[in-house]
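Trainee: what follows is a predicted protein model with its sequence.
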Amino acid sequence: MATLCAEVVIGGTLAVLVVLAREHDGLPGSTVMIVGAVLAICLLGVLLSGFVTAIAVMPALSLARWWARRRGRADNRWRALAAVPVVSAALVAAFGAV
């Protein structure tokens with residue numbers, strides 16, 4: 001999740017720089033419009049992070065716990081880290097097939 005949040009910050013910075021590099025007839029100058037846009041972007045970020053957690057992070061943790069129980073071992077962070085590439089590869093294959 002920390003990596004995804006960092007990617008969002010980098011993407012947001014790039015988007016702002018692209019918008020500033022182009023000419024516009026008029027940018028919103030109202031304080032209410034700017035505050036509303038910032039709040040809308042924050043809400044979108046929260047919704048997106050919740051979606052990514054439900055689609056990627058929780059299945060990786062479930063797979064790691066299932067794998068540890070099947071082997072008769074205690075689940076720990078290393079098994080969770082080992083499950084992340086498997087779940088990520090499965091998600092990439094599923095979205096690629098769609």
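Mentor: Thanks, I have it.
Trainee: mind giving me the packing neighbours of the helix or strand containing A68?
Mentor: Assigned by DSSP states H and E, A68 falls within helix 58-71. Helices and strands touching helix 58-71, by 3 or more C-beta pairs under 8 Å, 6 or more residues apart in numbering; DSSP states H and E, are helix 77-97. The C-beta positions use only the backbone N, C-alpha and C, and glycine is treated the same way.
Trainee: what angle sits between the helix it packs on and helix 58-71?
Mentor: Between helix 77-97 and helix 58-71, the angle comes out at 130 degrees (axes from the mean of the first three to the mean of the last three C-alpha atoms, to 10 degrees).
Trainee: show residues contacting helix 77-97.
Mentor: Helix 77-97 is contacted from outside by 55-56, 59-61, 63-65, 67-68, 73, using C-beta atoms under 8 Å, 6 or more residues apart in numbering.
Trainee: list the buried residues for it?
Mentor: Of the residues in helix 77-97, 79-80, 83-84, 87 count as buried by neighbour count, 16 or more other C-beta atoms under 10 Å.
Trainee: how about the residues you listed, which pair is most distant?
Mentor: Greatest spacing in the buried residues of helix 77-97, by C-beta to C-beta: R79 and V87 (12.5 Å).
Trainee: low-confidence regions, this protein specifically.
Mentor: Applying pLDDT under 70 to the chain picks out residues 1-5, 24-28, 75.
Trainee: residue contacts, P59?
Mentor: Contacts of P59 (C-beta under 8 Å, 6+ apart): V87.
Trainee: against V52, how distant is it?
Mentor: Note on P59: its distance to V52, by C-beta to C-beta, to the nearest Å, is 11 Å.
Trainee: whichever of the contacts of helix 77-97 end up buried, select them in ChimeraX.
Mentor: Typed into ChimeraX, the line below selects the buried ones among the contacts of helix 77-97, using 16+ other C-beta under 10 Å:
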select :56,59,60,61,63,64,67,68
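Trainee: any idea which of the contacts of helix 77-97 is closest to L17?
Mentor: For these, the nearest to L17 is A56 (28.0 Å; C-beta to C-beta).
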